[in-house]
Structure formats: structure tokens, C-alpha cells
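Next input, structure requested:
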Amino acid sequence: MAQVAFIGLGVMGYPMAGHLARAGHQVRVYNRTESKAQQWVEEYAGDYAATPREAAQGAELVMICVGNDDDLRTVVLGADGALAGMQTGAVLVDHTTASADVARELAACAAERGVGFLDAPVSGGQAGAQNGVLTIMLGGDAASYALAEPVIGAYARMARLMGPVGSGQLTKMVNQICIAGVVQGLAEALHFAQCAELDGQAVIDVISKGAAQSWQMENRHKTMLAGEFDFGFAVDWMRKDLSIVLQEARQNGAQLPMAALVDQFYADVQRMGGGRWDTSSLLTRLKAR
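Numbering: from 1, shown residues only. Just a heads-up that it's a prediction; the model follows:
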């Protein structure tokens, strides 16, 4: 069993750290709001630290799951950052969905201290984290991956090293591009079915057995038809992810007209007050029009 630190106990990190504890690893957590860390300790019987540096001391692996590039720099760098407490040969595993640039930046800082680094964004949402069935795409070197892979298996059903540092984040960008297009297509399809006065559930029952089938259709059609969106992966988070995608595309020359368009559709949902609604709330925009 490994000595592990977990930094960031949001809707994803809290259950992910819990799976590590249940798997028998020695887990020390840090969270910006200390009461959340105390709650986690009461539930899982680990312990918590006052700073990322203290959490990382003695850990073989330091897992991080925070909000964005700036949050990541805050908990990794500086006198109280995780790197300051990490031992030579340890590995920092970043589960934040962030830019490939910040992954390369932090990997260079880690290398100066003899620490390995893996960018390891996840897919599967809150339900995937709670059920321990996340998909994890990683960037980094093979030695760091070999150390981390058996441990992250506590909350992943699929993990794969995609290439050098940054490759995990780039793969997650591909994932978000796909999701944006599929959800918009599903929203338009259900909107069309309703305007045509078809039975939406009956339509899905039929077309989900053919080429139109998708994870989004399987898991979101019922709540979309019911007009329920107060759950799941928030529009605010999706817009953050798409901003990273579009910035990377500007750098590498990729043409992403659909992703850019759907990003603006999500901006419309935000203006409707739906920033915390699930990404499937694209349907509300069509109904409003």
C-alpha cells in the first residue's frame, strides 16, 4: 500500500480520495476549506494537513484535483505548495482539467526537484468518481506512470499513458470536443421531436438501438425530456474546458467551428441563469427560442 496525498476535495476529489482510503492506502488530504477536509477524515479515517506542503511530506504519490491553471499553480508552487514538501522520486499526479502549457510548466518545476509528473485529467463526471469508474488519460514518462497506475486503479476503470507531458490534457480536449457536438446534436434532435409532436421516449427507445446511440443519449435523454438540469457537469465547467480547447486550437492550427459555436450556445445558457446546470441544458436554449 502507498503513502498518498490528495489535494482538492471537490465533487470529484472527495470520492476519489475516499476510494484510495478504502483500497488500504495511507491518505492525507488537503482542502482550501478545512471543514471539508475534516468531514473527509471523519468519513474515511485518514488525516488532513494545513497546507499542500504538509500534505505532500512523505508521500510517494501526490494527487491533485482543483479548478483551473491558477488554482493548480497555487497548490503546487511556492513555499507552502506541494512540490516544496515532496521527496525525490515521488510523483505528482494532476487530475485537474487544465491546459497542456501548465502541465509542461509544472513538470519542469517538478523535474528540478527530482519529482515525476503526470497530467491525468479524468472523464466520467461526479457519478464516475463516486462509483470508482473514471476514465483517465495521462501524459508523462513510463516510470512515473508505472508507479501511479496501480494506485489510481482504485477509482479508474480505464487509464492509459497517451504520450509525453501534456498528452493527457490534449486527449481530454478531444473528449470535450466530442461531448460538445454530441450534446448539441441530442438537444436539437429532442427539440425537433417535441416540435413534431412525437413521443420523445418512444423515439429514443427506437433510435438508441441504432447508429445514433451515445453515452449522452443513454444517460441524459430522460432528464432532458423532463426538463431537469440541476445536476451533473456544470455549464460553467464546460465553458472553462472549451476555452482551453479553443486556445490550444489557436496555437496548433486546428479548425474547430462546431466547438466554438457550441461554446457560444453555452454562453446563452449562462445568460439564462444556467451556469450550474448540467451540460445537457443546451435544450433549454432551443425551447426559449
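
how about the protein, which residue sits the furthest from its center?
Within the chain, residue 197 marks the point farthest from the mean C-alpha position, 37.1 Å out by C-alpha atoms, centre = their mean.

so how far is residue 284 from that residue?
Using C-beta to C-beta, to the nearest Å, we find residue 197 at a distance of 20 Å from residue 284. (C-beta placed from N, C-alpha, C; glycine too.)

Now the element after the helix or strand hosting residue 192, going C-ward?
Here residue 192 sits within helix 167-195, counting by DSSP states H and E. Stepping forward along the backbone from helix 167-195, the first helix or strand reached (DSSP H and E) is helix 200-207.

and the angle from that following helix to helix 167-195?
120 degrees (axes from the mean of the first three to the mean of the last three C-alpha atoms, to 10 degrees).

which residues are in contact with helix 200-207?
190, 193-194, 213, 217, 221-222, 225 (C-beta atoms under 8 Å, 6 or more residues apart in numbering).

For that helix, what is the distance to the chain centroid?
With C-alpha atoms, centre = their mean, to the nearest Å as the basis, the distance from the averaged C-alpha position of helix 200-207 to the chain average is 30 Å.

Report the buried residues of it.
Across helix 200-207, burial judged by 16 or more other C-beta atoms under 10 Å covers 200, 203-204.

And stretch 67-76, by the same measure?
Those buried within stretch 67-76 under the rule 16+ other C-beta under 10 Å are 67-69, 71-76.

which of those residues lies closest to residue 60?
Proximity of the buried residues of stretch 67-76 to residue 60 (C-beta to C-beta) peaks at residue 76, which lies at 16.8 Å.

What is the nearest of the buried residues of stretch 67-76 to residue 254?
Within the buried residues of stretch 67-76, proximity to residue 254 (C-beta to C-beta) peaks at residue 69, which comes in at 19.9 Å.

residue contacts, that closest one?
By C-beta under 8 Å, 6+ apart, residue 69 lies in contact with 98-99, 101-102.

Counting neighbours, which bits of stretch 57-67 end up buried?
57, 59-67.

now residue 140, nearest residue through space, not along the chain?
The spatially closest residue to residue 140, leaving aside those adjacent along the chain, is residue 118, at 3.9 Å (C-beta to C-beta, 6 or more residues apart in numbering).

Do I have it right that that neighbour meets residue 168?
Yes. Under the contact definition of C-beta atoms under 8 Å, residue 118 touches residue 168, with a separation of 7.0 Å.

Give the residues shared as contacts by these two.
In the contact map built from C-beta under 8 Å, 6+ apart, the residues linked to both residue 118 and residue 168 are 138-140.

For residue 213, pull up the helix or strand it's in.
When elements are assigned from DSSP H and E, residue 213 belongs to no helix and no strand.

Repeat that for residue 149.
Assigned by DSSP H and E, residue 149 falls in helix 142-152.

Against which helices or strands is that helix packed?
Packed against helix 142-152, as judged by 3 or more C-beta pairs under 8 Å, 6 or more residues apart in numbering; DSSP states H and E, are the following elements: strand 61-64, strand 91-94, strand 116-119, strand 134-139, strand 156-163.

what's the closest of the ones you listed to residue 11?
With C-beta to C-beta as the measure, strand 134-139 is the member of these nearest residue 11 (12.5 Å).

who's in contact with the closest one?
Among residues not part of strand 134-139, those counted as contacts by C-beta under 8 Å, 6+ apart are 16, 95, 100, 103, 118-124, 128, 145, 148, 152, 155-172, 175.

got it, and stretch 226-239?
Residues from elsewhere that reach stretch 226-239, judged by C-beta under 8 Å, 6+ apart: 97, 125-126, 176, 179-180, 220, 223, 263, 266-267, 269-270, 274-281, 283-284.

could you flag which of the residues you listed are buried?
If we count by 16+ other C-beta under 10 Å, the contacts of stretch 226-239 have these buried: 97, 125, 176, 179-180, 220, 223, 263, 266, 269, 274-275, 277-281, 283-284.
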